[in-house]
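S.K.: Please find the sequence and the predicted model below.
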Amino acid sequence: MNMPSPVPASPSWDARQKRMIELIGQLAPNPGFTLAPLDGVKFMRANQSMPRTPVMYEPSICVIVQGRKRGYLGDEMFVYDAQQYLVLSVPLPFESETEASEKEPLLGMAIRIDLSVVAELLMALDQAGSYAQVMPKGIYATPLDDCLGDAVQRLLEVLAGPAVEAKLLGPSIMREIYFRVLTGSQGGALRAALAHHSQFGKVAKALRRIHHEFNDDLDVAALASEAGMSPAAFHAHFKAVTQTSPIQYLKTTRLHRARLMMVQDGLNAAVAATRVGYESASQFSREFKRLFGRSPVEETRFMKALLVETQEPRAPRRVEGAYVTAQ
């Protein structure tokens, strides 16, 4: 179990926290996800607690400014709240529950990790000989330090301002946030995810392929061969990162994708099943209910009633990357 150590509050931290709550409260007025006027950024709001439910996040940096979330990956539990930020270096399915209320809603933001920008920064850090040396993990939470917190607040200020500021200033602040994460305690995980010679990096590459080709007939033996491992070694290293087997991971990815298609696109279960690579609609329904606890029809109805997706008129994009249809 990974329980975060408490971070003592300072006057500057309190002021920043109060301002972040105010800004995200304005930027995310409705429950669910609100897309920012900057590609790769979205806001989260929940006005009530939500039970433990399966989610899947893309590689991203998640910052919670109010409320609390608990994540569960295998036997590990991690907390990310107003004093924590969460980094996912690889796309991972896990379970999450939310603590929130009308009086104190959960407020947060998610920043998609642009691996090309991260790779560029890593090259510069390598040349300077400055980077974090830690054992990589797929997901964990750590305290939000002053440097990263200040950068996140500046990004929020820009996103709450005129659209031209978001367009011109936002990308440079996001780059700074990547830099702060890379040089912080979670930087080793991002570095390892892009290091093709490491076992973690090889698994990360396989995970990215699965997410790009989830509807194809992927073969675990072929993935292992591409990673330069035997099937047994690939299975062991894959499970160390994801807490599940390659086959189960592929199934989970397909089911999350199908749920997104049914909730956002209005597809029925049969069409969604075919789109994500299932040949048997009955098998899809069985495995869907085993993962989410409800049939495809029941889950779609539940999710549509639970979430309200808010689109920014200045940036009409779809919520695609994280596959997350529950907070």
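M.R.: Nice, thanks for sending it over. Numbers count the residues shown, from 1 in each chain.
S.K.: and the gap between the spatially most central residue of the chain and residue 298?
M.R.: Geometric centre of the chain, nearest residue: residue 57, 3.2 Å, by CA atoms, centre = their mean. To residue 298, residue 57 is 24 Å away according to CB to CB, to the nearest Å. Quick note: C-beta positions are derived from backbone N, CA and C, even for glycine.
S.K.: tell me the domain boundaries of the protein?
M.R.: 11-192, 196-306 (automatic domain parsing).
S.K.: my guess is the residue nearest to the centre of the chain meets residue 95, correct?
M.R.: No. Judged on CB atoms under 8 Å, residue 57 makes no contact with residue 95 at a distance of 11.5 Å.
S.K.: before we move on, back to that, what does the residue nearest to the centre of the chain show for phi and psi?
M.R.: Here is the backbone geometry of residue 57 (degrees, to the nearest 10): phi -110, psi 140.
S.K.: Bridge partners for it, pull those for me.
M.R.: Applying DSSP bridges to residue 57 yields these beta-bridge partners: residue 92.
S.K.: and the gap between it and residue 245?
M.R.: Where residue 245 is concerned, residue 57 sits at a distance of 19 Å (CB to CB).
S.K.: for residue 76, same thing?
M.R.: 17 Å.
S.K.: Buried residues, the helix or strand of the chain with the lowest mean pLDDT. List them.
M.R.: When each helix and strand of the chain is scored by mean pLDDT, DSSP states H and E, strand 139-143 comes last, with a mean of 80. Within strand 139-143, the residues scored as buried using 16 or more other CB atoms under 10 Å are 139-142.
S.K.: where along this structure do the helices fall?
M.R.: 11-27, 115-128, 146-159, 163-182, 187-194, 199-212, 220-226, 231-242, 246-260, 269-275, 281-292, 296-306 (DSSP state H).
S.K.: what would the ones you listed look like in a markdown table with mean neighbour count?
M.R.: Shown next, in a markdown table, are those (neighbours: other CB atoms under 10 Å):
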| stretch | mean neighbour count |
| --- | --- |
| helix 11-27 | 16 |
| helix 115-128 | 14 |
| helix 146-159 | 19 |
| helix 163-182 | 18 |
| helix 187-194 | 24 |
| helix 199-212 | 20 |
| helix 220-226 | 16 |
| helix 231-242 | 18 |
| helix 246-260 | 22 |
| helix 269-275 | 19 |
| helix 281-292 | 16 |
| helix 296-306 | 17 |
